[in-house]
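Novice: I would like the atomic coordinates for the input below:
(one chain, ligands or ions: 2)
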Amino acid sequence: MSAEAFVTLATSDSYCMGAIVVARSLRRHGTTRSIVVMVTPNVSQRARLGLEGLFDKVIVVDVMDSEDQLRLSMLRRPELGITFTKLHCWTLTQYSKCVFLDADTLVLCNVDELFDRDELSAAPDPGWPDCFNSGVFVFRPCLHTHARLLEHALQHGSFDGGDQGLLNTFFSSWSEADISKHLPFIYNLTTSSTYTYLPAFKQFGHNAKIVHFLGVMKPWSSQGRTESSQSQNMGRFLTLWWNEYRAQKNCQPP
Ligand code: UDP
Ligand code: MN
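Specialist: Numbers count the residues shown, from 1 in each chain. Ligands and ions are numbered 1, 2, ... in the order given. All right, here's what the predicted structure looks like:
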């Protein structure tokens, strides 16, 4: 079987806390695929060492090191910095297929069946369901796609300033073309304030496979608290997140 991997990204030490939980929760549920993290050079040595014990591969990416033309173009669009870093996942051509997971996700069971899907598979965004949420997606690393994505970013920017806007205009047929590329919402469960959400959460929430702590408040920015300020629904998942994070910490040498 050709190599397949789960991929996440951390551009700061605090997002490394999230990446730790991503890897740990994937391992807990017995994934057979590789687990890879992309980090930027500003991530501290200490944080990187912590990741090395958990991930199959820690890959340092620095988009500003790439060709001059791109660098110059990027300087005119500084807001796209983190987006460009995330796009780097398409350069991981040592893998034939990957599943990207945001560093603010928590895996609740084995989700290896995601590799049965093809590029670009993702779950609907709760805010605008004709767009996919880019916190969890299946993709095929390919240098040509990567170059086309960068070109698209420089030409059109991103309508939300981040990777989600960009990826949605690039993979623009997602909403209608192929239902098999629509992941069920339980693969990227985010909170929503719509009035239908709470009854649906009560009915289906226990089926969640991947929880995504989307938004400004991240689990690691709520140290010690077991209740989410965003939503009480997420409180149980926040507790699980901290349990996973602390389990990792206990494994580290003092
Ligand atoms: N990210 C990062 N550093 C940052 C912001 C984002 O490493 O300062 C990465 C990380 O993997 C994160 C993803 O980009 O999960 C998307 O950002 P975030 O999850 O904060 O966005 P949201 O899901 O809340 O829209
Ligand atoms: Mn996220």
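Novice: and the residue of the stretch 1-150 of the chain found nearest ligand 2, how far is that from Thr8?
Specialist: Ligand 2 sits closest to Asp102 of the stretch 1-150 of the chain, with a gap of 3.5 Å, by C-beta to the ion. In short, each C-beta sits where N, CA and C put it, glycine included. Counting by C-beta to C-beta, to the nearest Å, the gap from Asp102 to Thr8 is 7 Å.
Novice: need the overlap of contacts for the two.
Specialist: Gly18 (C-beta atoms under 8 Å, 6 or more residues apart in numbering).
Novice: pick out whichever of the two has more residues nearby.
Specialist: Thr8 (29 against 23; other C-beta atoms under 10 Å).
Novice: hmm, Asp104 and the more buried one touching each other?
Specialist: No - using C-beta atoms under 8 Å as the test, Thr8 is too far from Asp104 to be in contact (9.5 Å).
Novice: ok, the closest residue in space to Leu92 that isn't next to it in sequence - contacts?
Specialist: Spatially, and ignoring its direct neighbours in sequence, Leu92 is nearest to Pro141 (4.5 Å; C-beta to C-beta, 6 or more residues apart in numbering). Taking C-beta under 8 Å, 6+ apart as the criterion, Pro141 is in contact with 89-98.
Novice: related to what we said a few turns ago, mind checking the SS state of the residue nearest to the residue of the stretch 1-150 of the chain closest to ligand 2 when sequence neighbours are not counted?
Specialist: Among residues not flanking Asp102 along the chain, Gly135 sits closest, at 3.9 Å (C-beta to C-beta, 6+ apart). Following DSSP: H, G, I helix; E, B strand; the rest coil, we place Gly135 in the strand state.
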